[in-house]
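Visitor: Structure for this input, please:
(2 chains)
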Amino acid sequence: MATTTVPGTTRHPGRSGPPYPLPRRRAGLGRKVRDNLTGHAFLIGAVLCFAVFSWYPMVRGIVMSFQRTRRGETTWVGWDNYARIVDDPSFWTAWQNTFYFTALALVLGYAVPFFVAILLNEFRHAKGYLRILVYLPVMLPPASALFLFKFYAYDPSEAGLFNAILTALHLPTSEWMQSPGMTMPAMVLASTWMNMGSAVLIYLAALQNIPGELYEAAELDGAGIWRRIRHVTIPQTRLILALLAMLQIVATMQLFIEPLILANGAGTGDSATSVAYLIYQHGFFQNDLNGAAALGVIMLVVLAGFSAVYVRLTAKQD
Amino acid sequence: MAQDSGTRTLISQAQLTRGRGRVVYWTLLAVVVVGFTLVFIGPLYWMVTGALKSGQEIAQTPPSLFPKDPQPQNYVDAWTNLNLAKLLFNTFYYATGAVLFQLVLDTAAAYSLSKLRPVLGNVILGLMLATLMIPAMVLIVPQYVTVIDLPILHLNLLDSPFAIWLPLVANAFNIFLLKRFFDSIPADLMAAALVDGATPLRTLWSIILPMSRPILGVVSIFAVTAVWKDFLWPKLVMPSPETRTVSVGIYAFSGGTPMNVVIAASVIAAIPTVVIFLIFQRNIMSGLTTGSLKG
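Guide: Residues are numbered from 1 along each chain as shown, chains lettered A, B, ... in the order given. The predicted structure follows:
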């Protein structure tokens, strides 16, 4: 924070501290806290909530993953929980499905919003209306939106919305959630429809920050629309693009409510089981909270790996 | 309409208003407006009208565009059979509490971190922001275990609204948004208040908060929609039928209820957030972009 205040007034703005700079002396932590009692009193509520519901569970999750609680007795079991979780026949399928979903969602849910934003940014009319449209599904409760997809859009008969459209266009219809091959694409479609609004708005804001002179200069140099996108738009929004890619990977790796509602959890032939769903299954149905915690730690490690790659890649570019 | 004509984008203004460019522009605009309306409003229309159809009509091929014999009874059934009044009241109650807790505790914390500069303030802020990196699914099991047996107090918060309110206070994004806003309030104002003998609380109440109305609005709206949209956490910590939220309640009934009634209930459940959005869309969009862009 900038310190452009009247000298000697704000080092201790609280009443409990004198309104002039204290001579530097070595004071204990307790004394420092007492000097600025109000400051700490204001902080305590939120810090307690973070401590109890965020910081402590983080540590607890790691500890739990090396313990086993049976009939109220907790013992240390080393890597047993991890071994049991990896032995689950659904473990590798769940990871495969989750990665497949993440990859598909990157193709569809990442590129589409960017081009939609570029398009919307060019329009001089109906901008507000289009923005509201794109963001509207984000505001629906996901359960509501997913029931709409489950019952009306993905109805495997020709009465379903999508199949009716396909029939009208003389295209082959699909069984959607009933066919293992279509499960993931169908879930990605629903998820992209529900969530792309926020990405579009963030891109739009980033696009508005690009200085117009860059486009003008590129145009004078004879660059067409595609080359302007490649050499001006993308480099200028690079940081936001990278950040949203990272956020999207973290979000899609936690795929949960889509399989739960659209595919009743596992889907046809385990085609919808996700890692998050497996955590839920182990923790709350198979009475194996320790195994679920271990799977959570595995997920954390995998996502931390992604973050590390992301940090390296973005650090190199700068 | 004209507000943007000053800034240059990918394609120049001149190119869009002349000859071929103009034709392409208007065609593209028309296609996009119609296409987006179909893609984003179409399913909602299908949902609202589909829930008005009879079980027979919904199964017919090809499907009908308008309900031939509208059955408002589906909505009535949804309202009474699923006890939607109770579910909506619960959700509303949790959302209100979440707003109050977040406004009071997160504002106080952000004010302290921004203006009162407590010892280890930056460390605490760093630890708070670090939680943004932890995926929610990773914490779900240990958080649940914590809530059913709070450390030291040994309280069980299952079915208590505090199980929703308190974890939501631990929202680093809110604290970050608020702190950034408070940082932009000049320190001179604080100094002036101090000279006049105002306590920190008084300064917060009479000077900072009145200036912060827009950001407080954004935080409140996000708090309401977060509670309304959340699914897994309320499903876990509000297990009994009397305390369920509306999304969880509909899910619980979805197995044994006719499809059209489930959809009718989903429509009713979506109305509050859609209305909030249409009223506050400006604040929501500005909050979304300022918060994420400069992070």
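Visitor: per-residue pLDDT, residue A:212?
Guide: The confidence metric pLDDT takes the value 86 at residue A:212.
Visitor: gap between it and chain B?
Guide: 3 Å (Cβ to the nearest Cβ, to the nearest Å). From N, CA and C alone the C-beta is placed, and that goes for glycine too.
Visitor: Give me the neighbour count for that residue.
Guide: Counted with other Cβ atoms under 10 Å in any protein chain shown, the neighbours of residue A:212 add up to 14.
Visitor: Repeat that for residue B:199.
Guide: 15.
Visitor: hang on, it packs against residue A:38?
Guide: Yes: applying Cβ atoms under 8 Å, one finds residue B:199 in contact with residue A:38, separated by 7.3 Å.
Visitor: pretty sure residue A:69 is in a strand, no?
Guide: Yes: Residue A:69 forms part of a strand when assessed by DSSP: H, G, I helix; E, B strand; the rest coil.
Visitor: Give me the pLDDT value at the nearest residue to residue A:91 once chain neighbours are set aside.
Guide: Ranked by Cβ to Cβ, 6 or more residues apart in numbering or on different chains and with sequence neighbours excluded, the top spatial neighbour of residue A:91 is residue A:85, at 6.2 Å. On pLDDT, residue A:85 comes in at 94.
Visitor: Point out where chain A drops to low pLDDT.
Guide: Low-confidence segments of chain A (pLDDT under 70): A:1-35, A:316-318.
Visitor: Next up, the contacts around the most centrally placed residue in it.
Guide: In chain A, the centroid-proximal residue (Cα atoms, centre = their mean) is residue A:251; its distance is 2.5 Å. Going by Cβ atoms under 8 Å, 6 or more residues apart in numbering or on different chains, residue A:251 touches residue A:195.
Visitor: what's the span of stretch A:114-130, first residue to last?
Guide: 15 Å (Cα to Cα, to the nearest Å).
Visitor: Next, the buried residues of that stretch.
Guide: By neighbour count on 16 or more other Cβ atoms under 10 Å in any protein chain shown, the buried set for stretch A:114-130 is A:114, A:116-124, A:126-127, A:130.
Visitor: report the longest helix in chain A, please.
Guide: The single longest helix within chain A, with elements called by DSSP state H, is helix A:90-122.
Visitor: ok, and does the helix or strand following that one reach over to chain B?
Guide: Per DSSP states H and E, helix A:90-122 leads on to helix A:127-139 as the next helix or strand towards the C-terminus. Yes: residues of helix A:127-139 contacting chain B under Cβ under 8 Å from any Cβ of the partner chain: A:127, A:129-137, A:139.
Visitor: Can you give me the neighbour number for residue 150?
Guide: All of this refers to chain A. For residue A:150, using other Cβ under 10 Å, the count is 23.
Visitor: let's do chain B instead
Guide: 17.
Visitor: Tally up the residues packed near residue B:124, please.
Guide: 20.
Visitor: ugh, typo on my part, it should be residue B:224
Guide: Based on other Cβ under 10 Å, the number of other residues close to residue B:224 is 21.
Visitor: which residues does it contact?
Guide: When contacts are counted by Cβ under 8 Å, 6+ apart, residue B:224 touches B:95, B:98-99, B:273, B:276.
Visitor: Let me have the residues you listed in a markdown table, extended by pLDDT, distance to residue A:65 and secondary structure.
Guide: Compiled in a markdown table, the contacts of residue B:224 are given as follows (pLDDT from 0 to 100; distance: Cβ to Cβ, whole Å; DSSP: H, G, I helix; E, B strand; the rest coil):
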| residue | pLDDT | distance to residue A:65 | secondary structure |
| --- | --- | --- | --- |
| B:95 | 95 | 34 | helix |
| B:98 | 95 | 30 | helix |
| B:99 | 95 | 35 | helix |
| B:273 | 89 | 36 | helix |
| B:276 | 88 | 40 | helix |
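Visitor: nearest to residue A:267, of the residues you listed?
Guide: The shortest approach to residue A:267 among the contacts of residue B:224 belongs to residue B:273, at 27.8 Å (Cβ to Cβ).
Visitor: Which residue, neighbours along the chain excluded, lies closest to residue 49?
Guide: Going with chain A. Residue A:49 sits nearest to residue B:169 (Cβ to Cβ, 6+ apart), 3.9 Å away.
Visitor: should've been chain B
Guide: residue B:67 (5.5 Å).
Visitor: is it fair to say that neighbour lies in a strand?
Guide: No: Residue B:67: not assigned to a strand; according to three-state DSSP it is coil.
Visitor: Surely residue B:47 touches residue A:146?
Guide: No: between residue B:47 and residue A:146 there is no contact under Cβ under 8 Å: 11.4 Å.
Visitor: between these two, which one's more packed in?
Guide: A side-by-side neighbour count of residue B:47 and residue A:146, using other Cβ under 10 Å, places residue A:146 first with 27 against 24.
Visitor: Please name the residues that touch the more buried one.
Guide: The contact partners of residue A:146, by Cβ under 8 Å, 6+ apart, come to A:190, A:194, A:257-258, A:261-262.
Visitor: domain ranges for chain A?
Guide: A:29-64, A:84-317 (automatic domain parsing).
Visitor: returning to what we had before: for the longest helix of chain A, which residues meet the burial criterion?
Guide: So helix A:90-122, judged by 16+ other Cβ under 10 Å, has buried residues A:90-91, A:93-95, A:97-98, A:100-102, A:104-105, A:108-110, A:113-114, A:116-122.
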